[in-house]
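Curious how this folds, go ahead:
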Amino acid sequence: MKVAIPVWQDNVSSVLDFANKLLLVELENGVEIGRNEIVLPEQSGPERAAKLRQLGVNVIICGAVSRPLAYTLSSSGIEVLPFVTGSTEQILTAYKTGNLSLPEYALPGCWEGARRGFGRRRGRCGRRQ
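Residues are numbered from 1 along each chain as shown. Next up, the predicted model:
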């Protein structure tokens, strides 16, 4: 399984759509077996989704993400875990141990249910309007 985390200064990048670096970690039975840093050029949402598919990404853990990009990624089989903040190492550990949903990893300003994904009639960070 390949897990991708957009990176900004050793932290989860605040917005996936504009991230220019990606940490790509390969896990086997919850154990890291490899990692790479990938430079992402400025791309449109569909181009970015195609690049992630090409890299074989199964899961992307990110901060904010636009609704169109989230839908494109999800519809192409990539699980999107949005509205996450923290250092990339903290977040990777939290993911591997099943603790990613803890409040300390929630992007500020997002309500608890926002990280379940995008739904109908939701605004900033998935908040119902």
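
For the closest residue to residue 82 other than its chain neighbours, give me its contacts.
With C-beta to C-beta, 6 or more residues apart in numbering as the criterion, residue 82 has its nearest non-adjacent residue at 5.0 Å, and that residue is residue 65. Quick note: C-beta positions are derived from backbone N, CA and C, even for glycine. Residue 65 makes contact with 15-17, 73, 80, 82, according to C-beta atoms under 8 Å, 6 or more residues apart in numbering.

Restricted to strands, list these.
When DSSP state E is applied, the contacts of residue 65 are split such that residue 80 fall in strands.

Cross-reference the contacts of residue 65 with the helices and report the matches.
Per DSSP state H, helices hold the following members of those: residue 73.

Run through the neighbouring helices and strands of the helix or strand of the chain at the bottom of the mean pLDDT ranking.
In the chain, no helix or strand scores lower on mean pLDDT, DSSP states H and E than helix 45-54, which sits at a mean of 90. When contacts are defined as 3 or more C-beta pairs under 8 Å, 6 or more residues apart in numbering; DSSP states H and E, helix 45-54 sits against helix 67-75.

how about the strands in the chain?
Taking DSSP E, the strands of the chain run over residues 2-8, 11-12, 21-28, 31-39, 59-61, 79-81.

what is the mean pLDDT for the third one?
Same thing as strand 21-28. For strand 21-28, mean pLDDT is 95.

Could you list the paired strands of that strand along with their orientation?
strand 2-8 (antiparallel), strand 31-39 (antiparallel) (DSSP bridges).
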